[in-house]
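1. give the three-dimensional model of this entry:
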Amino acid sequence: MNALKYQTIIKNGQLSLPPLDLPEGTFVEAILLIKEAAEMDETDYLLSTEANRQHLQEAIESLKNPDSYIYVDAAKL
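-> Now for the predicted structure:
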C-alpha cells in the first residue's frame, strides 16, 4: 500500500487537496486526523491564514530596513 500525506485547513466546511496524479478509477481510502488547536505547531498556526501570512511577510520585509527599528532602553522602563 502506498500513502500520500497532505496537511490542510478546513475552510467553509470544505476540504481542499491539490490535484492527485492518480489514474481514473484508483481506489483510495481517506482517514482524517484532526489536530487540536493546542497541538498545532506554532509555525503552522502562524501560517494558517492568509492575513497571518501577509502580516509575517511584511514584518520580515521591514527587518531589511534598520532605519525603521525602534530602540528601547530597558533600564528606563
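2. the longest helix anywhere in the chain: how far from the chain's middle?
-> Using DSSP state H, we find that the single longest helix of the chain is helix 50-62. Chain-centre distance of helix 50-62: 12 Å, with Cα atoms, centre = their mean, to the nearest Å.
3. give me the contact list for it.
-> The contact list for helix 50-62, computed with Cβ atoms under 8 Å, 6 or more residues apart in numbering, reads 46, 47, 68. Placement of C-beta: from N, CA and C, glycine included.
4. tell me the one of the residues you listed nearest residue 6?
-> Minimum distance to residue 6 across these is 15.0 Å, recorded for residue 47 (Cβ to Cβ).
5. contacting residues for that closest one?
-> 53, 56.
6. for it, give me the pLDDT.
-> pLDDT recorded at residue 47 is 84.
7. distance check, it against residue 8.
-> 12 Å (Cβ to Cβ, to the nearest Å).
8. what's the overlap in contacts for those two?
-> In contact with both residue 47 and residue 8: no residue, using Cβ under 8 Å, 6+ apart.
9. could you find the closest non-adjacent residue to residue 7?
-> Nearest residue to residue 7, sequence neighbours excluded (Cβ to Cβ, 6 or more residues apart in numbering): residue 44, at 7.5 Å.
10. any chance of the contacts of helix 50-62 in TSV, plus distance to residue 12 and secondary structure?
-> Listed next are the contacts of helix 50-62 as TSV, based on distance: Cβ to Cβ, whole Å; DSSP: H, G, I helix; E, B strand; the rest coil:
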residue	distance to residue 12	secondary structure
46	21	helix
47	19	coil
68	37	helix
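11. show me where pLDDT drops low in the chain?
-> Low-confidence segments of the chain (pLDDT under 70): 37-39.
12. got the CA positions of whatever helix or strand the residue nearest to residue 7 lives in in CSV?
-> Following DSSP states H and E, one finds residue 44 within helix 42-46. C-alpha atoms of helix 42-46 as CSV (Å, rounded to 0.1, in the frame of the first residue of the first chain):
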residue,chain,number,x,y,z
GLU,A,42,3.3,27.5,16.3
THR,A,43,4.6,27.9,12.8
ASP,A,44,1.6,26.1,11.3
TYR,A,45,-0.7,28.3,13.4
LEU,A,46,1.1,31.5,12.4
